[in-house]
Each structure stands twice: as structure tokens, then as C-alpha cells.
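>>> Here is a sequence with its predicted model. Questions after.
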Protein chains: 2
Amino acid sequence: MTGRRPTSFDIAALAGVSQPTVSRALSGNKSVSEETRRKVVEAAEKLNYTVDKYASGLRKRTSDTLALLFFEDPTPDDTLINPFYLSMLGGIARAASARGYDLLISIQQLSEDWHVDYEDSHKADGIMLLGYGDYLEARPRLEQLVQQGTHFVRWGAAEAGQIGTTVGSDNGQGGYLVGKHLLDRGRSKVAFLGLSDETAPEFLERYLGLSRALGEEGHEVVAAEDAIATAESGRNACERLLDSGVEFDAIFCAADIIAIGAMKLLSERGLKIPDDVSVVGFDDTIAARMSEPALTSVVQDTRRAAETLVDTLIAKIQDAAPESVLLPVELKVRGSS
Amino acid sequence: MTGRRPTSFDIAALAGVSQPTVSRALSGNKSVSEETRRKVVEAAEKLNYTVDKYASGLRKRTSDTLALLFFEDPTPDDTLINPFYLSMLGGIARAASARGYDLLISIQQLSEDWHVDYEDSHKADGIMLLGYGDYLEARPRLEQLVQQGTHFVRWGAAEAGQIGTTVGSDNGQGGYLVGKHLLDRGRSKVAFLGLSDETAPEFLERYLGLSRALGEEGHEVVAAEDAIATAESGRNACERLLDSGVEFDAIFCAADIIAIGAMKLLSERGLKIPDDVSVVGFDDTIAARMSEPALTSVVQDTRRAAETLVDTLIAKIQDAAPESVLLPVELKVRGSS
DNA sequence: CTGAAAGCGCTTACAG
DNA sequence: CTGAAAGCGCTTACAG
């Protein structure tokens, strides 16, 4: 550091006003005259002054910071964050910044004691939870957050009975669109790769949506193999599906990354996509668009999702008690179906 | 929010000691007796107390926070961060956390006035710069950082003449390994997709490494088409390459994501990979491993890169003046070559 | 090994 | 519209 940082007293001296006036001028306080504000801003620029976040945070009792907690999928091999969550990062960072908040990031294991951090130690005014998978395991912790009055918003399944405020895509509608589309294409023996129980509520909603669409035409899901959001897991699930001998003419994967693994196995086994099997994913990631053939997928509006998440959290911080939000999705049909 | 947060005075009262002793006990100060520390820790746990980051930061004049600045590639269409940088995020977050630092994130446009932030306003003790592409444009800003005494470490090209401390992969060695490998496979008419000028020093190093390997056998790069790190750009560059009529039997793409786009175009044009054209990428992303055929690529050790970046920055913060670091790379041969 | 005192750099009533 | 005063919750010399 070239000398010490300038403080508001240095600015005050240079501008010929008192120190509190510097604070008022720079925070946009209405009562400061334009003339005074101009002098202060000029002095601040000259000395390259910025308000000390820690002093200001201590006094105001707010941090102007949001925390983003990524929860890792419990992958056996490596520690991986679902690419879709990662793709939301940019939008969240931008949205937070546009609204005057800094963004603190942390990667968490579901097993860790994450509830006592961040807002408790006054690092953030509120918390966003992303990629939180296992509903049952985390339930007590979410309840504790609610009880402590912590401001938080969860990304994920937004169905009734969820704890706290949630922002998420309309997963049920997504699954339903996929079912309708496959039926349109003359495919009625649809298998599902993903989790279809309460441990992964988003995947479950997608499954139920598919099931509903098929049911309307008198069909049902012919098979469901468990897969978590990794290509490896998708590949293995697809292998179990093939080995089970169940007949199918389409596969709906609960995430693109699962579909990527499944498609790779299918082509290794000599199956043609979409002639022998239609494949559909969810998330519309880059990998999906670039696969061969390009993957039909359910699009979530990442930018809007990110903004909604941030805005909802800020509303909570301001005690506005916002509702949970369900964002519309869209089906993007490509070569794989 | 259930009442006000407890302070160190509350803990002191409960533990029957003075407030400074609470601070000492919790910060691990050696002079506190074990007996006293135990009482304090017990009281702190009982009241769910954590040290206020803002008060502590103000007093200590350090923030125990690192800032990570992502620079977006100037994509024409959408705002995208190179997937490779995103893949480093997890490792960086974990490494920072393991060393007792919080991590602040920001997405930046190269054009913005990013130097006056973060350390200036005392939000972070140091800054990591990732995905910084245009060397020439950013040079004056980096020089200003150095001049201001800001603690920062850059990820990227680590060749001589770079400003400040840099941590990066041995891109030259990577390009060289690719050249050798292609020659081994009997391919000598190698085209390059990426940038091969100073605006993208990492890409340039990869290009030069390839060129050196080919040169040792009396060959040279047959063509170089500009591409930035997006699939779209890779596709376009590959199209220009094909349309140029230049003969080639291999393509080295400066990033996997470029290769993904190029491979897609090649197969649309009916070219077989690797029979007609070998394709090699750089970064070893998931998309590369999952493409059809799987992409030969240069592997950067992401975890080690992330840890080295964080450790180097912490060393700088502690005024240890660390050297720039060049990390070894490895070639992962797969079906595409 | 522990306590009393000072002060980090701000913001916000309180006066005028 | 502006200034003098107090205080946010800690950490760190300074004593003892």
C-alpha cells in the first residue's frame, strides 16, 4: 500500500467540511446541498477514496453482501457441482452487483454444519441455497434457519410443503411437455433416468410430469433407473436399463448431463438416436446443444432464474415476505428426438 | 433475528471473564489458560456466538476474504465465462475456505473500471484474476494494481514480461506434446484454431508449442484461424478453414469448447474423425470426454491449479513475494486422434 | 495469565 | 443544511 488508505477525515479536510458530511454526501443523503456534495465527491476521487466496507458494515449492522451456497452432489468419484447451477453463477453475480450487493460464495457438503455460518457471523444479509439435493436430510437444518429468522431463499422444487421461500422452474410442466412431445413423435414406451423419489424433489417433479402426460393417453413410464447428475451415473443407469430387457423407444433424462452419458452408451451399443431411441434431457446446457445428435431439452431461463432468486432474497431481507416463485420452462426440440 | 445477536460481552458475562479474554480465547491466543478457554468456548456455543466479521475486520484491518474476478470473454452473443475457469471455481472456493478465507466473487467486463474495487474498499485482502484475455488492453490496469500495492495473482500465461505474479499451466509444453503426438500418428498437416497473437497469450503459447514440435520435423502449421473460447466461434473458424481450401489432416484447437464446435461442423460436412481429420483440444472438460468420438485433450490439473493460485495469493498478502508458477500439463489421448 | 482502556472508520440521532 | 458526539463489536498494546 502506498501509505495508508484515506479515511473520511482526509476527505473532509480536503473538501473543507466535517467528516459526517462526507459520509452523508457519499451515501446520497438528500439533506446535503449539491454544492457540498460536488466538493466531497471531487475530493474523494482525488484521493481515490472508497468507503470502508467493514466500518460501514459495523455501524449500519448490514453487510450489503449475499451468500451463495452451492451444495455438491454426493458424487462417489470427484467433487462436482451440477453444471446447471454453475451456469446460474454468472447471472446471480451480475444481479447481485446490479443491486448493490457483493456476493460471497461457498461450496458445502450436505453433511456439514452450514447453518451456523454467514448470517450468524454477520458476513451476509441473506443466503441463497443452490443445488441442494437431499430434501429429507436437510429438512431439520432448513427448519433451524427458519427458526433463527435467517433470510434465505432456496433454488429448487417449489411444490407445496417446502420449507421457506423457494424459487424454481416448473419442473412438472417440463416433464409434461416432454411426455407430450414424445407421444407426438409416436413414442409411448418411455423410460426415465434420474431419481424419482423424495430425495430429489426436482427430479421427482419431472418424473411426475412425464407420467401425467403419458397417463393422459393411457400409457405409463416403462422403467425408471436411478441416476444422479453426472455423465457417469447416466451411463450406468442406461446400461442397467438396456440389460434389464425392458422394451423402450424413448428415454427422458432428468438432466442433460445424464443424457450425455446415456447417449454415449447407446451409440457404443450400436443404437441409433433418434431412429431406435429418442433421448430428451433437461437444462439445455452447452454440452446438450453440442452433442451429436443435438439433444432435445427443457430450457430453463437461467438469467431470469438468477434475477428472481436475487430479487426474492432481497425482498426477504427487507422483510417483504415474498411468495415462492415458479418459473415457466420451454421445450427445445432438436435432433435427438 | 430472535432478539439481537450475542456479542463478546454476553459471552464474557456468561463465562465469568472479561470481554478481551473472550476475544483471546476464541482467536486461539496462546496466553489463555486451557481452563478459561474451555469456559469461553462453552459459553459461545451455548449462545450460538460467532465473532462479528465486520467488527473484527475493522479492528484488525484485514478482511480474511479473497476476491475472485472472472473476466468474461467478449462474446458477441451472450455473456459467457469459459467453462474451464468455471471448473476451477470449486477448487478455489475449497482452498480458500480450508485456509480460513471467505471468497467474494465478481464477474467483470474487461472494459470496466475494476481496479478501484475490492482491496481499495477493504472488501478483500487480495484478488485473483481469472479468464483475463486481452493482454494489451488490460496492461495499464495491471500496472496500476502493481503501483497501488494491491495484492493480486493472475491465472494465465506465465511467460516472461508478464505483469505481477502469475500462476498458469505450461501452455507451451501442452502445444508441444500435441504436435509430437500428431506427428507420431503420421499427421503433419496441422491447422490451428484459436488466437495466435498477443491478445490471448495462453492461446499464443499453445500455438507456439505446436509450431516448435512440428518445426523439429521440418513441418509448419498449415493454417491458423481465429477463434475465441466458444463452440460457435470454433464452428465458424472450422468453416473458414474448410472453405479456404488448405489441405490438412489434423486440427489443434486452443480450447475444448472450440473443438466441440469444430467437430460438429466436420461431421456435418461428412468428414470422419479421426480417419479424415484428427482433432485435439485443450482443457479436458467434461464435454470433451463425452463427445463422440471422445476428444484428445491437454489436461490441466484443476485442483492443483486452484490451490496454487490461492496459496500464491496468500503468500503475497503475507508479503512473501512468491515467484510465478508454471504447472505441468499432460496429454490425454482419446478417440479423436 | 487476565483486565481496563483505547481505537479501528464509519453512520446516525441530536442540535442548531 | 451541517457539525459535535456517541457508539457499532471487536483486537491489541499496556499494566499488573
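Alright, I've got the coordinates. Remember, predicted model here, so these are calculated numbers, not experimental data.

>>> now the helices: where do they sit in chain A?
A:8-15, A:19-27, A:34-46, A:53-60, A:83-98, A:135-148, A:171-184, A:201-216, A:231-244, A:256-268, A:286-290, A:302-317 (DSSP state H).

>>> between those, which gets nearest to residue B:294?
Smallest distance to residue B:294 across the helices of chain A (CB to CB): 8.3 Å, for helix A:256-268. Placement of C-beta: from N, CA and C, glycine included.

>>> What distance do you get for residue A:141 to DNA strand D?
Per CB to the nearest atom of the strand, to the nearest Å, residue A:141 is found 23 Å from DNA strand D.

>>> distance of that residue from chain B?
Noted for residue A:141: a distance of 14 Å to chain B, by CB to the nearest CB, to the nearest Å.

>>> That residue - how many residues pack around it?
Neighbour count of residue A:141, defined by other CB atoms under 10 Å in any protein chain shown: 18.

>>> Between helix A:201-216 and the lowest-mean-pLDDT helix or strand in chain A, find me the angle.
Sorting the helices and strands of chain A by mean pLDDT, DSSP states H and E puts helix A:135-148 at the bottom, at a mean of 73. Per axes from the mean of the first three to the mean of the last three CA atoms, to 10 degrees, the angle that helix A:135-148 makes with helix A:201-216 is 120 degrees.

>>> Now do the contacts for residue A:57.
A:63, A:64, A:122, B:54 (CB atoms under 8 Å, 6 or more residues apart in numbering or on different chains).

>>> OK, contacts around the closest residue to residue A:262 other than its chain neighbours?
Spatial nearest neighbour of residue A:262, chain neighbours left out: residue A:238 (3.8 Å); criterion: CB to CB, 6 or more residues apart in numbering or on different chains. Counting by CB under 8 Å, 6+ apart, residue A:238 makes contact with A:193, A:225, A:251, A:261, A:262, A:265, A:266.

>>> okay if I get those as a markdown table plus distance to DNA strand C?
Listed next are those as a markdown table, based on distance: CB to the nearest atom of the strand, whole Å:
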| residue | distance to DNA strand C |
| --- | --- |
| A:193 | 53 |
| A:225 | 56 |
| A:251 | 56 |
| A:261 | 51 |
| A:262 | 54 |
| A:265 | 58 |
| A:266 | 59 |
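
>>> Show me which of the residues you listed is closest to chain B.
Distance to chain B across those (CB to the nearest CB) is lowest for residue A:261, with 7.0 Å.

>>> Now do that closest one against residue A:153, distance only.
Distance of residue A:261 to residue A:153, given as CB to CB, to the nearest Å: 31 Å.

>>> need the residues of the stretch 201-337 of chain A near chain B, please.
A:231, A:257, A:260-261, A:263-264, A:267, A:286-287, A:289-292 (CB under 8 Å from any CB of the partner chain).

>>> and the closest residue to residue A:192 other than its chain neighbours, how many residues sit next to it?
Using CB to CB, 6+ apart and skipping residues adjacent in sequence, the residue nearest residue A:192 is residue A:224, 4.4 Å away. By other CB under 10 Å, the residues close to residue A:224 number 21.

>>> Quick one, grab the pLDDT at residue A:224.
pLDDT, residue A:224: 96.

>>> my read: it touches residue A:197, true?
No: using CB atoms under 8 Å, residue A:224 makes no contact with residue A:197, being 9.6 Å away.

>>> Relative to residue A:312, how far out is the residue of the stretch 201-337 of chain A found nearest DNA strand C?
Residue of the stretch 201-337 of chain A nearest DNA strand C, by CB to the nearest atom of the strand: residue A:318 (14.2 Å). Taking CB to CB as the measure, residue A:318 falls 11 Å from residue A:312.

>>> Could you check which of the two is surrounded by more residues?
Legend: neighbour count by other CB under 10 Å for residue A:318 and residue A:312, higher for residue A:312 (23 against 12).

>>> What degree of burial does residue A:92 show, as a neighbour count?
When neighbours are counted by other CB under 10 Å, residue A:92 registers 27.

>>> ok, it - contacts?
A:68, A:103, A:128, A:306, A:309, A:310.

>>> Next, format those as TSV and append neighbour count.
Below are the contacts of residue A:92 laid out as TSV (neighbours: other CB atoms under 10 Å in any protein chain shown):
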residue	neighbour count
A:68	27
A:103	24
A:128	26
A:306	23
A:309	28
A:310	27
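
>>> I figured residue A:305 was touching residue A:88, is that so?
Yes: with contact defined as CB under 8 Å, residue A:305 reaches residue A:88; the gap is 6.2 Å.

>>> which residues are common contacts for those two?
residue A:155.

>>> Could you measure from the residue in the stretch 1-150 of chain A positioned nearest to chain B over to DNA strand C?
For the stretch 1-150 of chain A and chain B, the shortest gap (CB to the nearest CB) falls at residue A:149, measuring 2.9 Å. According to CB to the nearest atom of the strand, residue A:149 and DNA strand C sit 20 Å apart.

>>> Quick one, grab the pLDDT at that residue.
79.

>>> Up against DNA strand D, what does chain A have?
By the rule CB under 7 Å from any atom of the strand, the part of chain A lying against DNA strand D is A:17-21, A:24, A:30-33, A:35-36, A:55, A:58-59, A:61.

>>> Buried ones among those?
Restricting the residues of chain A next to DNA strand D to buried positions leaves A:17, A:21, A:24, A:32, A:36, A:55, A:58, with burial counted as 16 or more other CB atoms under 10 Å in any protein chain shown.

>>> And the residues you listed, which two are furthest apart?
A:36 and A:58 (25.7 Å).

>>> tell me the phi and psi of the residue of the stretch 1-150 of chain A closest to chain B?
phi 80, psi 20 (degrees, to the nearest 10).

>>> State the number of residues packed around it.
Close neighbours of residue A:149, defined as other CB under 10 Å, add up to 10.

>>> and the closest residue to residue A:121 other than its chain neighbours, how many neighbours?
Using CB to CB, 6+ apart and skipping the chain neighbours, the partner closest in space to residue A:121 is residue B:50 (3.8 Å). For residue B:50, the neighbour count with other CB under 10 Å is 18.
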